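Student: everything below, folded, please.
(2 chains)
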Protein chains: 2
Amino acid sequence: MNLKRYLPVLQWAPQYSRSQATSDLVAAVIVTVMLIPQSLAYALLAGLPAHVGLYASILPLVIYAIFGTSRTLSVGPVAVASLMTAAALAPLAEAGSSEYIAGAVLLAIMSGLMLTLMGILRLGFLANFLSHPVISGFITASGIVIAASQLKHIFGVQASGHNLLTIGQSLLQSIGDTNLPTLAIGTGALLFLVFSRKYLKSLMMRWGLGARSADIITKTAPILAVLVTTLIAWQLRLDTQGVRLVGVVPRGLPELTMPALDWELWQQLAVSALLISIVGFVESVSVGQTLAAKRRQRIDPDQELIGLGTANLGAGFSGGMPVTGGFSRSVVNFDAGAETPAAGAYTAVGIALATLFLTPAIAYLPQATLAATIIVAVATLIDLPALGRTWRYSRTDFGAMLATIILTLGHSVEAGIIAGVALSIGLFLYRTSRPHSAVVGRVPGTEHFRNVLRHDVEVCPRVTFLRVDESLYFANARFLEETVMDLAISEPELKDLVLVCPAVNLVDASALESLEAINERLRDAGVRLHLSEVKGPVMDRLKSTELLSHLGGRVFLSTYEAWQALTGIGGSRPVLKKTA
Amino acid sequence: MNLKRYLPVLQWAPQYSRSQATSDLVAAVIVTVMLIPQSLAYALLAGLPAHVGLYASILPLVIYAIFGTSRTLSVGPVAVASLMTAAALAPLAEAGSSEYIAGAVLLAIMSGLMLTLMGILRLGFLANFLSHPVISGFITASGIVIAASQLKHIFGVQASGHNLLTIGQSLLQSIGDTNLPTLAIGTGALLFLVFSRKYLKSLMMRWGLGARSADIITKTAPILAVLVTTLIAWQLRLDTQGVRLVGVVPRGLPELTMPALDWELWQQLAVSALLISIVGFVESVSVGQTLAAKRRQRIDPDQELIGLGTANLGAGFSGGMPVTGGFSRSVVNFDAGAETPAAGAYTAVGIALATLFLTPAIAYLPQATLAATIIVAVATLIDLPALGRTWRYSRTDFGAMLATIILTLGHSVEAGIIAGVALSIGLFLYRTSRPHSAVVGRVPGTEHFRNVLRHDVEVCPRVTFLRVDESLYFANARFLEETVMDLAISEPELKDLVLVCPAVNLVDASALESLEAINERLRDAGVRLHLSEVKGPVMDRLKSTELLSHLGGRVFLSTYEAWQALTGIGGSRPVLKKTA
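Tutor: Residues are numbered from 1 along each chain as shown, chains lettered A, B, ... in the order given. Sure, this is the predicted structure:
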């Protein structure tokens, strides 16, 4: 059982059938065709030689097929992680240099170690720190930065920068050097890709193709763009006209790469590796869960950490770059009928064959074509209407989202995500630090108690009933102290204060100390503190403390019982139970 | 009104009476006598010349009397902030050097700016990030480190270090150089102070003094130790025997000091200043609230930030060091009968007179005496039983506390407090990321629904009722997704899933997206999602979104209504209300 948990391959491989194999193979062929341009393009985006993207699309896929729990997730280089890789490595080495490539390997290995460790320690909940608005804002902003960063390839100019300001400035300075053949290739590819994305599907359906086939063929448009522009570049010897091509890449499969054992470098990359890991994990799990649900399958987030972690270790040791589950690729894999993770392994074989036999052809592939595929791919990541939706729904969530977007666009991806996380945690603690609470009074003639501000209820100036609608913990412990003491001061006649606790699911050590302090301070002020409707588990814990023996007042099972005992009003029936 | 909020002095000064003045003056004399040795000692602890402590006990007290809301808080140098000051400055300059003194001034000013700004922006809730166990562990560990750091003065040796390991190592290496006259003075003072703390009060009460007077006289024991040992040192010319004395200090009042405008230094000290600010604020507010409650007065935490902030600005600009409200001093001030903050201003006058006229005498004060007063003072901070109490009450709180203590003792005060804060937030989010939830069934023959695992209830395999006992927000949004999808997968017959929401006080944007995702995934799996018992405010917000129009199922006012509509079981009465 336990082995099956850690090796999900054992759950499906023993029953692997011929029909499943056929489905998986078909899906693998389609995904391979889609993955070749993507992996080249994302390596380019990460500032790496194009073949590194291919390397990162072989071993990781095989490993994920063994350790991953999603049946249809397609692992490999993705846009956002590639941008984060570039941002992390830019300050350390020149893009494309051997130190830079070693840095990418190290990022993949560190990210792999972190994810695997988080999986073993079952720390998947760390991903919860990334709220939806922060992730959504981050991905939108990253998409914009990525698209902007690719414009230099479309125009055929030199430019640099990792945020919108520096990229824009750099582009403006160099726009005069635009290379017209490059611009022609780039805009041509861009227009073709946009056209195929928008109209190709309906066109092919009009030609009689089924919706699903039309959809899948549309998704393979990038490889067509790659083929055609490569042929043009080769025929017209465009490299002599200043068009930058991918160039000669090493032929053959990746070799075993050992990471740099440079402790200082590890420290410098630690935060980046952690952010790449968590962002990648969150994206990947969300895709995985969406797809799994469609077939009533489930994925195990903690095991997914191990699956993605080992995949990244594989990427690192085979000279690749950080990988994770990609959205569009996984959807294609799913739609093309992949039934088991074996489809991923078959895709790896496809990429390996491409690496062995197609690399000479890749030499003539214009970088502008890859840039065009990136721009079209990330355009789908940009979700500006989400800003409006979040604004309308929640101002605090919007604040965290906006801060993430502004910092990602204007400063750096890392600053953006860190600010977003810090802000969403801070705003949440702020929100719960002022929980809803109400002074309640008795609905006349009943045993019910309601907010005195909203209902006509009986009250007694000597006794105040305060209901708190939240668990009591460190973030609101001080609020409770202030609220209670304000009540005690504002009501000079007050003799008894009852804390009504039916919504208190937890009293942590901070809140316990606050209750002790409240009890003592109230006693100093001549007021007794009582509790009512304390939940069973909370009461069990309080019994192990000295609070109950120090308590100035009593613990009542029901608020009505407290009302009868303390106010002497409306005692239509005798007090039945008492707890000391 | 608003002016009174920002200038609390206007609340009491206009009605200031002769009898109040008398009470305040008496308290001020007693606190002055107590504060002189304390301020000298804490300056020493911070690695500063002794007179800096006096400087920090003049202007800040006057300013706090104007801006502070506590009637009895006594502001000045305190032990923990002094230790944190020393730890912050040690890496930057040699203790006692002019750069070091300038660093202390800058820390006070930065801390003053931060606190004032937090007060103006009403960010007092930031102090909530420090849970009680973390603060308690931090203060205990700081007390131990402080006591250990003073042993070098008792033995008259040179030693350094800012954690238990380095201090211990340094002491062991130098213990052979112990200066016997210093040791005699130090242990003598120590024994006298311990004796007076333990027995002097009861002794004096046996001599016929009232409990309160006896208590106050006991608290002035340190000044007696200072006087006696100074006289001895002067008579015996102990400085010629290797006993380190405070030495000649500048006579006269502090002059206006301008902080260093060294941007790099500001950056280096920023984290330290923030931690000193928040720790000082938390200590101070907790003392202030405890004392205010005894007289049914209140303090305003946000205005306290401004009070402490401006006091620290005063400390900085008058050549002092970071200050905050001290526990023992404030209690003495309160017990001695102080009625308004004017007592603090009078104390400032007392310290100013001491600075003008007593400084020549201070030259012969042995440092060992000050070290003895520090050790005895911080002994009361050390609360080891709190470890046991916290362990018994809550393992997670204990974890945060232990991490704080170990890191404070073994690494540094800053590492201790940062780890404690990060761990308590992390553990809290972890705890709420797995909220209590239960599949509920109908108590036969009633309209009530209870946990199927705990009660004998009716269930229907086609309909699952899931009750979530927590607000839905980013930390548990993913948990909700997993829980719901697991239910959908484990129950193949499932057609309807009802989310029972009476305990959901909030649905943030993350949880909203999760609900959308759950709804879609359930629809893909052939299950309809329904909601029941959604609270009014939550429903109002959901109505502004598209969730309700996308919802596969319906929104029911009551769970029983959902039961009747979906199961067709036990419809003892017709469905009365419906919401689309």
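Student: what residues does the stretch 251-400 of chain A put near chain B?
Tutor: Contact residues (Cβ under 8 Å from any Cβ of the partner chain) of the stretch 251-400 of chain A with chain B: A:285-286, A:289-290, A:292-298, A:301, A:389-390, A:392-394, A:396-398. Where you see a C-beta, it was placed from the backbone N, CA and C, and this is true even at glycine.
Student: out of these, list just those in helices.
Tutor: A:285-286, A:289-290, A:292-294, A:301, A:389-390, A:392-393, A:396-398 (DSSP state H).
Student: just the buried residues out of these, in ChimeraX syntax.
Tutor: This is the ChimeraX syntax for the buried subset of those, where burial follows 16 or more other Cβ atoms under 10 Å in any protein chain shown:
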select /A:285,286,289,290,292,293,301,389,390,393,396,397,398
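Student: let me know the closest of the ones in helices among the residues of the stretch 251-400 of chain A next to chain B to B:Gly568.
Tutor: Nearest to B:Gly568 out of these is A:Ala293 (Cβ to Cβ; 27.2 Å).
Student: spatially central residue in chain A, please.
Tutor: A:Val282 (3.2 Å; Cα atoms, centre = their mean).
Student: correct me if wrong: it contacts A:Ala127.
Tutor: Yes - counting by Cβ atoms under 8 Å, A:Val282 touches A:Ala127, with 4.9 Å between them.
Student: OK, contacts around the closest residue to A:Ser196 other than its chain neighbours?
Tutor: Leaving aside its chain neighbours, A:Ser196 sits nearest to A:Ala221 (3.8 Å; criterion: Cβ to Cβ, 6 or more residues apart in numbering or on different chains). Residues near A:Ala221 by Cβ atoms under 8 Å, 6 or more residues apart in numbering or on different chains: A:Phe192, A:Leu193, A:Ser196, A:Arg197, A:Leu200.
Student: doesn't the third one belong to a helix?
Tutor: Spelled out, it's A:Ser196. Yes - under DSSP: H, G, I helix; E, B strand; the rest coil, A:Ser196 falls within a helix.
Student: how many neighbours does it have?
Tutor: 21 (other Cβ atoms under 10 Å in any protein chain shown).
Student: next up, the contacts around it.
Tutor: A:Ser196 neighbours (Cβ under 8 Å, 6+ apart): A:Thr218, A:Ala221, A:Leu224.
Student: ditto for A:Thr545
Tutor: Going by Cβ under 8 Å, 6+ apart, A:Thr545 touches A:Leu512, B:Arg389, B:Arg392, B:Tyr393.
Student: make CSV out of those residues and add distance to B:Ile374 and pLDDT.
Tutor: Shown next, in CSV, are those (distance: Cβ to Cβ, whole Å; pLDDT from 0 to 100):
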residue, distance to B:Ile374, pLDDT
A:Leu512, 31, 91
B:Arg389, 27, 88
B:Arg392, 32, 89
B:Tyr393, 32, 89
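Student: and the strands in the stretch 401-550 of chain A?
Tutor: For the stretch 401-550 of chain A, strands defined by DSSP state E, counting those that start in this stretch occupy the ranges A:437-442, A:449-451, A:463-468, A:496-500, A:528-532.
Student: wait, does the third one contact chain B?
Tutor: Going back to what we said before, that points to strand A:463-468. No - against chain B, strand A:463-468 shows no contacts by Cβ under 8 Å from any Cβ, the least distance being 11.3 Å.
Student: that strand - contacts with which helices or strands?
Tutor: In terms of contacts (3 or more Cβ pairs under 8 Å, 6 or more residues apart in numbering or on different chains; DSSP states H and E), strand A:463-468 is packed against strand A:437-442, strand A:449-451, helix A:474-490, strand A:496-500, helix A:559-567.
Student: at 6 Å instead, please
Tutor: On a contact count with 3 or more Cβ pairs under 6 Å, 6 or more residues apart in numbering or on different chains; DSSP states H and E, strand A:463-468 meets strand A:437-442, strand A:496-500.
Student: out of those strands, nearest to B:Pro91?
Tutor: Between the helices and strands packed on strand A:463-468, strand A:437-442 lies closest to B:Pro91; by Cβ to Cβ that is 45.5 Å.
Student: quick one: that closest one to chain centroid distance?
Tutor: 41 Å (Cα atoms, centre = their mean, to the nearest Å).
Student: other residues contacting that strand?
Tutor: A:Phe449, A:Arg450, A:Asn451, A:Val452, A:Val457, A:Glu458, A:Val459, A:Phe465, A:Leu466, A:Arg467, A:Val468, A:Trp563 (Cβ atoms under 6 Å, 6 or more residues apart in numbering or on different chains).
Student: for the residue lying closest to the fourth one once chain neighbours are set aside, give its distance to A:His448.
Tutor: By the measure of Cβ to Cβ, 6+ apart, the closest residue to A:Val452 outside its immediate chain neighbours is A:Gly441, 4.6 Å from it. Using Cβ to Cβ, to the nearest Å, one gets 10 Å for the distance from A:Gly441 to A:His448.
Student: with A:Ser160 instead?
Tutor: Remark: distance between A:Ser160 and A:His448 (Cβ to Cβ) = 68 Å.
Student: now A:Ala352
Tutor: Distance from A:Ala352 to A:His448, by Cβ to Cβ: 71 Å.
Student: between these two, tell me which one has more neighbours.
Tutor: Set A:Ala352 next to A:His448 and count neighbours by other Cβ under 10 Å: A:Ala352 wins out with 21 against 13.
Student: how close does that one get to A:Gly112?
Tutor: Per Cβ to Cβ, A:Ala352 is found 20 Å from A:Gly112.
Student: ok, A:His162 next?
Tutor: For A:His162, the distance to A:Gly112 - Cβ to Cβ - is 24 Å.
Student: and if you look at A:Val440?
Tutor: A:Val440 is 55 Å from A:Gly112, by Cβ to Cβ.
Student: which one's more surrounded, these two?
Tutor: A:Gly112 (27 against 23).
Student: wait, that one touches A:Ala315, no?
Tutor: No - taking contacts as Cβ atoms under 6 Å, A:Gly112 lies outside contact range of A:Ala315: 7.2 Å.
Student: so who does the closest residue to A:Thr432 other than its chain neighbours touch?
Tutor: In space, and not counting its chain neighbours, A:Thr432 is closest to A:Ala475: 5.4 Å by Cβ to Cβ, 6+ apart. A:Ala475 is in contact with A:Leu429, A:Thr432, A:Ser433, B:Asn128, counting by Cβ under 6 Å, 6+ apart.
Student: greatest separation within those: which pair is it?
Tutor: Of all pairs in those, the most separated under Cβ to Cβ is A:Thr432 and B:Asn128 at 9.2 Å.
Student: what packs against the helix or strand A:Thr182 falls within?
Tutor: Secondary structure from DSSP states H and E places A:Thr182 in helix A:180-195. Packing partners of helix A:180-195 (3+ Cβ pairs under 6 Å, 6+ apart): helix A:221-235, helix A:367-379.
Student: helices or strands next to the shortest one in the packing?
Tutor: When you say that, I think you mean helix A:367-379. Short answer (3+ Cβ pairs under 6 Å, 6+ apart): helix A:367-379 packs on helix A:18-45, helix A:132-155, helix A:180-195, helix A:221-235.
Student: which of these is buried the deepest?
Tutor: helix A:132-155 (a mean of 25; mean count of other Cβ atoms under 10 Å in any protein chain shown).
Student: what sits against the residue in the stretch 201-350 of chain A that chain B sits nearest to?
Tutor: Nearest residue of the stretch 201-350 of chain A to chain B: A:Ala293, at 3.2 Å (Cβ to the nearest Cβ). When contacts are counted by Cβ under 6 Å, 6+ apart, A:Ala293 touches B:Met485, B:Arg521, B:Asp524, B:Ala525.
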